[in-house]
Every structure is written in C-alpha cells, then in structure tokens.
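*Asks:* Here is the input, now give the coordinates:
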Amino acid sequence: MEILLKQIPSLFLHRSRTKEQAVQQKEQADLLMEIAEIRSRIECVKNRFDLLTDPDLIDACIYEMEGLERRYGYLLKRARTLGIKNQKIGALETYPAEMAP
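*Replies:* Residues are numbered from 1 along each chain as shown. Down below sits the predicted model:
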C-alpha cells in the first residue's frame, strides 16, 4: 500500500505531461493550418491583383497583401518558437517570390 501511495504523484505527473503534450500538439496543428490558410489567401490576393484595373481596388489589394505578409511573418516566427520543423510545414522558411525580404 505504501508503495502505491508513493507512485500516485508520478502517475499524476505523467498524466499532466501527456496532457501538456496534447495541448502543444493541438497548438502546432492549429498553427500549421493557419499558415496554410494565409498562404492560400496570399495566392488569391495575388491573382486578384493581376486582374484588377481600378486604381482604388489595386491600392486596397496592395494593403491586403501587406497585411497578409506581416501575418505570415508572425506565424513563421511563432512556428520557430514552438519548434516546428520545415518538413512539417513544407519549405515554410522560404517566402513566396513576391514576399522576399
């Protein structure tokens, strides 16, 4: 009985580590989904920009692209801090040509 009582804290510690790992994995998966969404939105804005002729709409498209680029950069930094590797993201470190620093 005494041995069992000594093992209880380690059982809870193991369970909390597993829970922490699950939370971290979900956060990483959510971040990867958001990165994919931003990349898709950047491509859509780029395509729309190529079709526009009205100067006001072109300006709006440029501002939208700048906002998406900044969001994309933020997500890249966040991915690095969470330890997400390139193979999970698919060449995440390289910006699309129009976003090169």
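*Asks:* Give the rounded mean pLDDT of stretch 50-64.
*Replies:* Averaged over stretch 50-64, pLDDT sits at 95.
*Asks:* Please identify the buried residues of it?
*Replies:* For stretch 50-64, the neighbour count (16 or more other C-beta atoms under 10 Å) marks Cys61, Glu64 as buried. All C-beta spots, glycine's among them, are computed from the backbone N, C-alpha and C.
*Asks:* from here on, count from 10
*Replies:* Taking 10 as the first residue, the last one we looked at is stretch 59-73.
*Asks:* Touching it from outside, list them.
*Replies:* With C-beta atoms under 8 Å, 6 or more residues apart in numbering as the test, stretch 59-73 has contacts from Val54, Arg57, Phe58.
*Asks:* okay if I get those residues as TSV plus neighbour count, secondary structure and distance to Asp65?
*Replies:* Listed next are those as TSV, based on neighbours: other C-beta atoms under 10 Å; DSSP: H, G, I helix; E, B strand; the rest coil; distance: C-beta to C-beta, whole Å:
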residue	neighbour count	secondary structure	distance to Asp65
Val54	20	helix	15
Arg57	15	helix	14
Phe58	16	helix	13
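*Asks:* Pick the one among the residues you listed closest to Tyr81.
*Replies:* Val54 (11.5 Å; C-beta to C-beta).
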